[in-house]
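Asks: the amino acid sequence is not available; the structure is as follows:
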């Protein structure tokens, strides 16, 4: 069978192969990008879905508008307002997880050969998603304050990309947070170079201490012209439930209309049953208390992992303590003659009964082979300490 | 903003414009392609979703495998067995409605310029979906027994298409049913020309009298080599609820693996909440009784519409009485000097307070401007008689 040419642009990921080893009994996994299912508000979701079926069974079970279920769009508009962004319900569409927002951006914007700038490192599924549409990806370097804006500006000027894709707040895999100053610089750059910026923000609510700076969407009000060059992707996956597959995209009107047309032929619309359930959940007002608990638990786990890494691995590993999100991003320094190859380290770790993901696949270009990602979300503090102990043995 | 070149291949449909007029008060609509929400088994779905959250809340709310939720794949395998098709759970993937199965076929198979043969007329969203991937569509003529196999064979020989897309059972919009003899001929053709056949089957369960012939998937066992050249799309949308967005695709292993990879970057996976609910619903065994009722109600409506059309419009309209599905496909004959332009007729009908869809947009090429589609699914018998009366006035 002869498949479409676009499939030549991607390959089954190395990570997928690694995940097959996770079935090994007794393994402690820092590998996933999943929230902890123990924190799902199952009763709240049950009540919300029952309410949806009582309130408007036709709306919850019938075909719906491609743009999304009206009451959910209203709730998401209100949710964005609590985060300082003024968004009318008709300025957003509901997507089947924020993964679909990425897919729709690819389908709507990318012709084969078009250039797209992403962070190095960035979300693995973004790389593959955009490459399927034929994008040539340019990798912009980051540090603990997110993408380096001087380098980004040079890359924009040089490559004239179709758009720039960023995860400014607690990035996956980097955990980095784009500083306030750099957020403004990126928005000014958008206007100066007439370049679309995509802000992917699934983790912004998962902060441990002070809230992060406002999203670029919220900040765009203070940078004239930038709102018309900004797409923003949100998701309930990391804060309520990934299984609902409810995300959303906010974008300039013309882009939103084209993306809606593309979505019509991708899946007609996102499950109205899931949308109506999410709408009822948000309406019931259970989100703030639930989030308080999620933040507290993840903060404890992140603190425990930072302590354990320092005590056990010392100067053989470098990292910045994350202020939110789900991930540590670390580097093997080579201190004490230890390995600097995170792929090797991952294999030895599996032998010791602990799993994580090496960093190389997260780079669209020039991978740093010494990097790796640890998730602290799904293991409790005792498991984290035990798992980091095993990392010590593996190293 | 400069969008992707592929958007030049499609246009916002004329039907979408027509649908905007449907809000007019008192209008009777034969325009939709929707099932009747009054027949949704709301209590059954409520019980199923509650059971899903009790039974395995993690499974219903967490990220899941791209291929689909295991218990649902098992239930769908069992469902296919009741329809005479032997399908292992791992030979199917769950899709976000069968619309996504079409999208994944496009993404996986179609390079710009590739040819795809579809029925003339065929499902409108299929035309647009494949064109977005750059397909050049070839239209194969049909009659009341479905696609004309002699013409189809010539077109296959001439164009060497990437695949042939058919809705063999109660097609949308045609309502036609591919005869047993032609089903076998198509399968033999697949083998003779080494051409992939896509069988889209959302309506097969909605028969009014005798069950339709076995699906081509079921028949493929009797045509050596044909199973390896057949993809089959199924859906719960027309028989349980469109809002769940649960469809599935059965395909040869290599194609299924590539489509799964594409789906990973389209939406990661279909809502596990919807999948777990569907799995519990199928497990509870409520489907057969529910389907009996749905068939009975639609059969009455189809009979009423056929009678009313004959009495009211007489020889000005030609049609074949459908044996299942949701649609009448009719032609203005021009008898008695009446109009043969279904677009004109649709506008006059709206003025009289009744809506339907003209047939031209359902053709990928050489539209028959005298055709139109009437759905009998959502109006009761009294409304159908009243609506057809209004059609009479409009004509």
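Replies: Okay, I see it. Predicted model only: the values in this text are computed from it and were never measured.

Asks: domain-wise, how is chain A divided?
Replies: Per automatic domain parsing, the structural domains of chain A span A:5-40+A:289-394, A:42-287.

Asks: using TSV, lay out the ones you listed together with mean neighbour count, distance to chain B and mean pLDDT.
Replies: C-beta: built from backbone N, CA, C; applies to glycine. Formatted as TSV, the domains of chain A follow (neighbours: other Cβ atoms under 10 Å in any protein chain shown; distance: least, Cβ to the nearest Cβ, whole Å; pLDDT from 0 to 100):
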stretch	mean neighbour count	distance to chain B	mean pLDDT
domain A:5-40+A:289-394	18	4	92
domain A:42-287	22	4	97
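
Asks: ramachandran angles for residue A:213?
Replies: Per-residue torsions, residue A:213: phi -60, psi 160 (degrees, to the nearest 10).

Asks: residues in contact with it?
Replies: Shown in contact with residue A:213 (Cβ atoms under 8 Å, 6 or more residues apart in numbering or on different chains): A:169, A:177, A:178, A:179, A:180, A:183, A:219.

Asks: swap in residue A:247?
Replies: So residue A:247 contacts A:94-101, A:202, A:233-237 (Cβ under 8 Å, 6+ apart).

Asks: got CSV for the residues you listed, with secondary structure too?
Replies: Output for the contacts of residue A:247, formatted as CSV (DSSP: H, G, I helix; E, B strand; the rest coil):
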residue, secondary structure
A:94, strand
A:95, strand
A:96, strand
A:97, helix
A:98, helix
A:99, helix
A:100, helix
A:101, helix
A:202, coil
A:233, strand
A:234, strand
A:235, strand
A:236, coil
A:237, coil
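
Asks: of those, closest to residue A:195?
Replies: Closest approach to residue A:195 among those (Cβ to Cβ): residue A:233, at 17.1 Å.

Asks: can you pull the contacts of that closest one?
Replies: Taking Cβ under 8 Å, 6+ apart as the test, what residue A:233 contacts is A:95, A:98, A:101-102, A:198-202, A:247-250.

Asks: what's the answer for residue A:330, then?
Replies: Applying Cβ under 8 Å, 6+ apart, the residues contacting residue A:330 are A:309, A:317, A:318, A:319, A:371, A:372, A:373, A:374.

Asks: chain center to the helix or strand harbouring it: distance?
Replies: Per DSSP states H and E: residue A:330 is located in strand A:327-332. Relative to its parent chain, strand A:327-332 has a centroid offset of 17 Å by Cα atoms, centre = their mean, to the nearest Å.

Asks: ok, stretch A:347-359 next?
Replies: 23 Å.

Asks: contacting residues around it?
Replies: Contacts of stretch A:347-359 (Cβ under 8 Å, 6+ apart): A:14-15, A:18, A:21-22, A:24, A:26-31, A:121, A:173, A:329, A:342-343, A:345-346, A:367-375, A:387-388, A:390-391, A:393-395.

Asks: show me where chain A has strands.
Replies: A:28-29, A:92-96, A:115-120, A:136-143, A:146-147, A:163-166, A:196-200, A:230-235, A:246-250, A:317-319, A:327-332, A:354-355, A:357-358, A:371-375 (DSSP state E).

Asks: with distance to residue A:44 added, can I get those in CSV?
Replies: Formatted as CSV, the strands of chain A follow (distance: least, Cβ to Cβ, whole Å):
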stretch, distance to residue A:44
strand A:28-29, 27
strand A:92-96, 20
strand A:115-120, 34
strand A:136-143, 36
strand A:146-147, 33
strand A:163-166, 32
strand A:196-200, 26
strand A:230-235, 18
strand A:246-250, 14
strand A:317-319, 35
strand A:327-332, 26
strand A:354-355, 31
strand A:357-358, 31
strand A:371-375, 24
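
Asks: residue B:43: which of those strands is closest?
Replies: strand A:246-250 (24.4 Å).

Asks: tell me where the longest helix sits in chain A.
Replies: helix A:287-313 (DSSP state H).

Asks: just want the angle from it to strand A:327-332.
Replies: 20 degrees (axes from the mean of the first three to the mean of the last three Cα atoms, to 10 degrees).

Asks: where's residue A:211 relative to residue B:334, distance?
Replies: From residue A:211 across to residue B:334, the span is 70 Å (Cβ to Cβ, to the nearest Å).

Asks: of the contacts of residue A:213, which pair is most distant in space?
Replies: Among the contacts of residue A:213, A:177 and A:219 lie farthest apart (Cβ to Cβ), at 13.9 Å.

Asks: picking that back up, out of the domains of chain A, nearest to residue B:284?
Replies: Between those, domain A:42-287 lies closest to residue B:284; by Cβ to Cβ that is 15.7 Å.

Asks: ends of that closest one, how far apart?
Replies: Start and end residues of domain A:42-287 are separated by 13 Å (Cα to Cα, to the nearest Å).

Asks: gap between that domain and the chain center?
Replies: 9 Å.

Asks: likewise stretch A:276-290?
Replies: 21 Å.

Asks: gap between the two ends of that stretch?
Replies: Stretch A:276-290: ends 19 Å apart by Cα to Cα.

Asks: what lies in contact with it?
Replies: Here stretch A:276-290 has contacts from A:39, A:41, A:44-45, A:47-49, A:51-52, A:55-56, A:59-60, A:69, A:71-72, A:74-76, A:78-79, A:236, A:239-240, A:244, A:246, B:243, B:273, using Cβ under 8 Å, 6+ apart.

Asks: in helices, which of the residues you listed fall?
Replies: Per DSSP H, these map to helices at A:44-45, A:47-49, A:51-52, A:55, A:59-60, A:71-72, A:74-76, A:78-79, B:273.

Asks: re earlier: partner strands of the strand holding residue A:330, with direction?
Replies: The pairing partners recorded for strand A:327-332 under DSSP bridges are strand A:317-319 (antiparallel), strand A:371-375 (antiparallel).

Asks: list the contacts for residue A:217?
Replies: Residue A:217 neighbours (Cβ under 8 Å, 6+ apart): A:80, A:85, A:87, A:199, A:201, A:227, A:230, A:232, A:250.

Asks: quick check: closest non-adjacent residue to the third one.
Replies: By that I understand residue A:87. The spatial neighbour of residue A:87 that comes closest, neighbours along the chain excluded (Cβ to Cβ, 6 or more residues apart in numbering or on different chains), is residue A:80 at 4.3 Å.
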